[in-house]
Structure formats: C-alpha cells, structure tokens
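**Q** here is the input, now give the coordinates:
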Amino acid sequence: MLSGTPTAGGTYNFTVSATDSSTGTGPYTGSRAYSLTVGAPALSLSPATLPAPVAGVAYSQAFTAGGGIAPYTFAVAAGTLPAGLSLNASTGVLSGTPSAPGSHTFTVRVTDSSTGTGAPYSTSRVYTLATGQGIPSAPPVAVTTLSNAPVTIHAAANAANGPFSGVSIVTPPTSGSAVVNGLDIVYTPVPTASGPITFTYALVNSAGTSAPVPVTVTVNAVPVPVAQRQVSTLAGRPVDVDVTEGATGGPFTGAAIVSVVPADAGTATVASAAPKTPAADGKQVAATAYTVNFAPAAAFAGTAVVTYTLSNAVATSSPAQIQVAVAARRDPSTDPDVVGLVNAQIQAARRFATAQIANYNQRLEALHGKGRAPTGNQISVVMPRAQADSERCQAVEGLAARDACLRGTALTGQRGRGSEPAGGSRAGRAAAGAGAGAANAPDLPGGADPGSGADAAAADDTDDARLAFWTAGTVDFGFANAGTQRSGFRFTTGGVTAGADYRFSDQLTLGIGFGYGRDSTDVGSAGTRSTADSFSAALYGSYRPQPSVFIDGVAGYGSLSFDSRRWVGDESAFAYGKRDGHQIFASLSAGYEYRSEAWLVSPYGRLSVSDSTLDPFTETGAGFSALKYFGQTVTTVSGTLGLRTEYATATRWGLFLPFARLEYQHDFSGQSAAGLAYADLAGTGPAYTVGNAPYGRDRLQLGLGGRLRSRSMTFGLDYNVMVGMGGLQQGVRLTFAAPF
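**A** Okay, here's the model as predicted:
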C-alpha cells in the first residue's frame, strides 16, 4: 500500500515490483512503472468573521488554518488593524485593547510550511472590524500648585474612549474646592494648606460613565513671614532676628535682604542654622532656620527698617520688614563701676607716692638730732650681735642714760647704780666714754643738757658708723564710700622701701633708696577690680642746723603698672585692661623736737607733691562695650601739720616707748579729669569725661603704737587711721631693727 502525507508538490515517476513466495525455480517477480503528480493543497482560514471589539476593552480572537503543512504563519496582508490591536504571526491570535471606536478592513493571510514546486501555499480572507464606543477610562492625575494659586486639571487628557460628553466630581477634595468647567476641573486650595490633597472624578460618553479617576494635588505652601517685627538694640551692637519664627510655608530654603533704610544705619546679613525640633513621633527632625543679623553703625541711633524675603523650595514670599530701634550707647561716664575704676587707679597712684614718702620720712625721723641712727631693718629679721648685754645697762641710772647704754652710747657723767666711776668697771667705762646718746636717737628721750658736754665724748665707732642701711614697709587698707554715679571701693596697698644713707656731719645726712608697691582694689560688688605695681627710686636727706631742729627732703621717680577687670552688665562679661604710667614724688618737712628725761614732743610741717601720669589703654573682652581710656595726669600738692610725741619707760626687757601722732592734711590741688570713649569709636567720638571725684580735700590722721628697745634690737607695732576723702584708710606697721 502506498500511503502518507506528501509534503512537496510535483510529478514523481517510480516503478513498483512484486515478488511471490514460490519455491523451486521461483520466486517470480513482476513490475510496473507509475507516474504520480502531487498537486497544491487546499488551505482554509477561519473564522469567516470576527466579533466586534469595544474601545478601551481588551480584545482577543484566534485565527485557525486548515490544509497544507503546519506550522502556519499569519500576517496582515492588506489594510490596517484598529489602533491597540496586533496579530501574532505564529499563533494567529489577534489581541489588544482598541483605543478608539471606528471601522477597519484588513486582509489576513495564512501560509503553510509545504516545500517543492509551487510551495509554500497560502490563502487569505478579508475581515472588517467595527470597534464600538467603550466606557471612558483615564489614568490617575497628579498636579502641583502653590497654596495661593488655583490649578486647572484637564480631565480628558490621557483618557480613553472619547469623545466624552461630560465630567463629574465623585469624591470632593479633602481641602479646598474642585469646580467642573466643561471637560476641565479647577481646583482652588485653602491659602494655609500644604501637602497632598486628593479627590476623584468620572468621565461620561455614549457608552457610560468611567470608574472614579483619582486626582492628587500637591499644594506647596507659599512662604508667609510675619509682616512686621520690632526689635531694639544699642548703637554698634548687632541683633539677630529669627525670620522663620512665626512664619508659615516651611520648610524654608533661604532668606534675602531687600533693603536697609536709611542706608547708613548699618548692615544686614542672613545666616542659616539647622536646629532640632521634636516631631510628633518623638524623633528629631531637622528644620532650617534663617536669621537676619543687623549690625547698627557705630554712631547710628534711631529706627532702621530692614526689608527681606523668605523662600521655600517653590516660591519666595512678599517682602516683610523688621523695625530695629537703635538706642544711643549709654554714657560710660555715668557708669558707677567706670567712675569707681578710674578713681581707684588715681587713688592707688596717690597711695603709692604717699607710702614711699612715709617710709622715707620715717627713716629721716631716725636721723634727727646729730644724725647718728643705727642700721635698721624694719621688715626683715636680722640677728643681734653676740656681745649684747642688756643686763649690764639695767644698772645705769636715768632713762635717757639707760637708753643710751642699750644703744651702745652713754651720756657724759652718767654712772650705774653702785658702779664704779667713769673709767672703772665695764659699765662705768661705757657710761663715761660712749658719748652723748639722746641727740643721736630722735625717737628716744634725749634728757642731756646741751651744754653739759654731752658731745665732748666720742661715740664708739663700731656703733655709730657713717654709712647705714635700712628697710621699711607698711600695709594700708581701707575703703571709699560710694557716691553719686560712683561705686565705692575697698583697697589694700603695701609699700616696701630699702635704702642706704651716709652721715657727712652731725648736720647733714644724704641717702638713696628703692621702693616697691602693690595695690589691690575691689570696686563695687559685681567683681570690678584693679591691681597695680610700682617700682621707684629716690634721693633723700636730712639737714640739722641744730640738734633740735630738722629739715628733711625726699625726691623720687617711679614706674606704674595697672591691670583692671570691669564688669559690663550689658554684655554679661568682664572687660580687661592693662595700662602703664610713671610718677614723680617729693616731700619737704621741717620741725622742732623738744626732749626731756622721759618725753619727746615734736611739732612739724610738711609739703608733699606727687605727679602721676597714667598712659592710655583699651579694654578687651566686652564686645562693643569695651572702652578706651585716654592718658591722664594726676598732680597732688598736699600740706601737713603734725605733732609727734613719745614717752620712755624702763622695763625688765628693755626700754618701752609708746607714742602717738596726729596730723592734719590738706590738698591744694587734685587729679585732672579722665577722658574716655568706646573703643570702636575712639577715633570718631563721642568722647566722655569722668570729672574729679568728690573726695574731701581735708584729712585727719591719728597714729598709735609702741616700741620695745633693748641694747641690740628694737621691736615696734603701730596703727594709724585716716578719715576724709570720702572714706576710711587704715595702716599697720610691724617693725624690727637691729644693727648689722
């Protein structure tokens, strides 16, 4: 049997032979020639018609082929498919979503896989698709607008299955309003709204109504700063204004200065910061803040208007204003601490000179009589000589003679009780040959008759050297009361002096000395303070035309150095300063000393002059409140009338000398006015003046104390108090003296 499926067309010639199954001489075979012609297959394509699609609705229809050799290939041979549809060449499926209604005619051809003559074979069919109107559809809509600007939404844009006959709002917006205008929707936000706003709408055509179409309107808030702000400051002192505080429409991306009126009022700049603000969920969210910094011109006072704008990511605000009331700077000459500090430094310079003059005058008092004052150290301990023998002097009769013995001298003609005459025992020899003693120590009673020959006996050269060294020191402390626009102050001033003098004769002694002073003054109660140091050198001398008359003089020069710290309430900070200076001081004293066996009374007068120059300096550390202090010269001329008295009494330890001093002092001239200005305005002004402080010109000083003197050393303690100058000044002096 000849069977199968021909796969190629054409004419085929072949011979068929048959062989039997006989035996013997067989088998036997017979054959015949044939000619076979394979014709073209009859292909078919179905279906004959296609169902009508609907615009906007998914469509799928398969073509099938019959006859011929599979597989088959499908193609559109003529015409066009409706938009949105496509034909799969291998599967023969027509699918897709028609986008618009209408009629489309096209030819579909199917081709088999035959080979040979005339192959492959194909057939085709013409189809007509009438796409019907579909229900409207549209994708979600997203738009952006500003909170102060309506936005128009074209509802039919990107929609399918038009034409459309209308639009309707399905779900109204969560904020603002949506109004249909033809096929458009106009959305108007609330001016204060921001963020996403949603609503839905539907399209209508002849086929029906679409499903709700979602709309999202992102509303970006327009920056709205506070329309007008008011702040105040002082001239030259910058002020910061957070322009994002109270403003709406954030987060903000910037701020800009539009103008400053008047133009010379100062400069305005913008600075940004990112402070942390707590979010609703407890986390920290960074929000940028913008600050307008206005720095008034140093000399400007009045109202300045700063105009600025505020921006966010999408818009810039309308201009807003900051009104800055700039007050003129305070008059520093009315600041109590400023006035107190100026006067504290003036008074410190004065006390330096006064302390040195007092130390030199104390030494000069020891040179009265005939100038035979032993070497002394009144602040340092110097050990006495090993030969000191105070018990020997207790036998000497008379206080003056006993004192002379204790100092290593003796009054002519004095003898110890029960001792040998002069030239006999050791005590007698000392009493007879030591020389006149009372005139040699002004702070001890002299007792001897000037005409008794007290000076006839020569003094012991080892106890009455012409060259002497000495030191003296004092510590003064006190206060000055607060006054009108002036803080009071408390001070502690120390002065140390060391010197050497040479006795040229019984009438003249000259010397040189060096001094150091230290002062610490607290002004007011806020921490204002001044500290100062002084180094000085001076020449001094005592002229004694008669043993009971003296003329003393001192002239010196010193350097000054001040460090100040002033509390500035406006800045909540201290202003620091450092200034130098120098001073010249001099003193001329004259008086008379009356001596008896136990008493010394000395009236005296003194004229003192000091001229102190304080250099200019500028404070640091208090911003715009720092001051520049101009140079100042302080000249003081003072007159003193005083009375000094001593009393000598013998004790088992030595000679005890209580004493008292009373002085009346009067200033004939005082300090000059102090000039100052704000540091940043020192070159242009204004300048201010701190006038003479209303301290009193008249002062009264009282001193009390005592000394205990043995033959080889002296101990002393005295206290003095001075009232006047608007306050109280006290001093304590502890002395110790011994020959070297």
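**Q** give me the below-cutoff pLDDT ranges for the stretch 551-700 of the chain.
**A** 669-671, 692-696 (pLDDT under 70).
**Q** for it, which segments are assigned as strands?
**A** Using DSSP state E, counting those that start in this stretch, the strands found in the stretch 551-700 of the chain span residues 573-592, 594-595, 599-614, 617-618, 627-629, 632-647, 649-650, 655-671, 674-678, 687-690, 698-709.
**Q** just the buried residues of the first one, please?
**A** For strand 573-592, a neighbour-count test (16 or more other C-beta atoms under 10 Å) marks 574-575, 577, 579, 581-587, 589, 591 as buried. C-betas here are computed from N, CA, C, even on glycine.
**Q** cool, stretch 498-513 as well?
**A** 498-499, 501, 503, 509, 511, 513.
**Q** also stretch 325-333?
**A** Of all the residues in stretch 325-333, those buried under the rule 16+ other C-beta under 10 Å are 326, 329, 332-333.
**Q** could you do stretch 309-327 as well?
**A** 309-312, 314-315, 317, 320-322, 324, 326.
**Q** reformat those as a markdown table; add secondary structure, distance to residue 259 and pLDDT.
**A** Output for the buried residues of stretch 309-327, formatted as a markdown table (DSSP: H, G, I helix; E, B strand; the rest coil; distance: C-beta to C-beta, whole Å; pLDDT from 0 to 100):
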| residue | secondary structure | distance to residue 259 | pLDDT |
| --- | --- | --- | --- |
| 309 | strand | 11 | 94 |
| 310 | strand | 15 | 92 |
| 311 | strand | 17 | 90 |
| 312 | strand | 22 | 86 |
| 314 | coil | 24 | 83 |
| 315 | coil | 20 | 86 |
| 317 | coil | 15 | 88 |
| 320 | strand | 12 | 93 |
| 321 | strand | 10 | 94 |
| 322 | strand | 11 | 95 |
| 324 | strand | 13 | 96 |
| 326 | strand | 17 | 94 |
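**Q** domain assignment for this structure?
**A** Per automatic domain parsing, the structural domains of the chain span 8-38, 44-53+63-125, 141-220, 228-328, 334-737.
**Q** would you check the distance separating stretch 308-317 from the middle of the chain?
**A** From the chain centre to the centre of stretch 308-317 is a distance of 32 Å (C-alpha atoms, centre = their mean, to the nearest Å).
**Q** contact partners of it?
**A** 144, 146, 220-225, 243-244, 247, 249-258, 268, 270, 290, 292, 318-322 (C-beta atoms under 8 Å, 6 or more residues apart in numbering).
**Q** and of the buried residues of stretch 309-327, the nearest to residue 38?
**A** residue 314 (78.5 Å; C-beta to C-beta).
**Q** any idea how far residue 125 is from the closest one?
**A** According to C-beta to C-beta, to the nearest Å, residue 314 stands 60 Å off from residue 125.
**Q** what do you get for residue 467?
**A** Residue 467 sits 150 Å away from residue 125 when distances are taken as C-beta to C-beta.
**Q** who's more crowded, these two?
**A** Counted by other C-beta atoms under 10 Å, residue 467 and residue 125 do not tie: residue 125 has more neighbours, with 16 against 10.
**Q** who's in contact with the closest residue to the more buried one other than its chain neighbours?
**A** Counting by C-beta to C-beta, 6 or more residues apart in numbering, residue 45 is the residue found nearest to residue 125 once chain neighbours are left out, at 4.7 Å. For residue 45, the contacting residues are 63-66, 108, 110, 123-125, by C-beta under 8 Å, 6+ apart.
**Q** residue 45: which element?
**A** Using DSSP states H and E, the element containing residue 45 is strand 44-46.
**Q** ok, that strand: who's next to it in the sheet?
**A** Counting by DSSP bridges, the strands paired with strand 44-46 are strand 64-66 (antiparallel).
**Q** so how far is the partner strand from its chain's centroid?
**A** 94 Å.
**Q** following that strand, which helix or strand comes up?
**A** By DSSP H and E, the next helix or strand past strand 64-66 is strand 73-79.
**Q** can you give me the neighbour number for residue 55?
**A** Other residues near residue 55 number 26, with proximity taken as other C-beta under 10 Å.
**Q** enumerate every residue touching the closest residue to it other than its chain neighbours.
**A** Computed as C-beta to C-beta, 6+ apart, the closest residue to residue 55 that is not its neighbour in sequence is residue 134, at 3.6 Å. Contacts for residue 134 (C-beta under 8 Å, 6+ apart) come out as 54-57, 98, 101, 160-161, 207.
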